[in-house]
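Visitor: predicted structure and sequence below. I'll ask about it afterward.
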Amino acid sequence: MTKIEQIFWGWAKYSFMTLGWKPKPEQWHLAEQRLYICDDCPLRINNKCSKCGCNLAAKTLVEESKCPEGKW
Ligand code: SF4
């Protein structure tokens, strides 16, 4: 999956969640684990990664996405 596709699917999933779509339990668990790591990262600014510029709520929902610092 290209970076553009990852961004698209991250935003699509995040947007669908606001409309009532729920991630599968394993997707939700993975996103929670990733956000937990981001919580302690100095590069996190609110809900954004200052390294890659991504919205973390959206980025962490895409299984293929990776932390630019290799933390997850
Ligand atoms: S560098 Fe990685 S761990 Fe840190 S905020 Fe960005 S995605 Fe999260």
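Guide: Here it is on my side, so go on.

Visitor: contacts for the lowest-mean-pLDDT helix or strand in the chain?
Guide: Least confident helix or strand, the chain: helix 3-18 with a mean of 79, by mean pLDDT, DSSP states H and E. Contacts to helix 3-18, defined as Cβ atoms under 8 Å, 6 or more residues apart in numbering, come from residues 1, 21, 23, 54-55, 57-62, 64-65. Bear in mind the C-beta positions are built from the backbone N, C-alpha and C, glycine included.

Visitor: ChimeraX command to pick out the buried ones of these?
Guide: Burial among the contacts of helix 3-18 is assessed by 16 or more other Cβ atoms under 10 Å; the matching ChimeraX selection reads:
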select :54,57,58,59,60,61,62,65
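
Visitor: just the contacts of helix 3-18 that are near the ligand?
Guide: Residues shared between the contacts of helix 3-18 and the neighbourhood of the ligand: none [Cβ under 6 Å from any ligand atom].

Visitor: quick one on the thing from earlier: can the least confident helix or strand of the chain be found next to the ligand?
Guide: No - with Cβ under 6 Å from any ligand atom as the criterion, the ligand is not reached by helix 3-18; the gap is at least 11.8 Å.

Visitor: in that helix, what counts as buried?
Guide: Applying a neighbour-count criterion of 16+ other Cβ under 10 Å, the buried positions in helix 3-18 are 6-7, 9-11, 13-14.

Visitor: need the contact list for residue 41.
Guide: 49, 69, 71.

Visitor: and the gap between it and residue 7?
Guide: When distances are taken as Cβ to Cβ, to the nearest Å, residue 41 and residue 7 turn out to be 19 Å apart.

Visitor: what does residue 60 give?
Guide: Residue 60 sits 13 Å away from residue 7, going by Cβ to Cβ.

Visitor: cool, residue 66 as well?
Guide: Going from residue 66 to residue 7 by Cβ to Cβ gives 13 Å.
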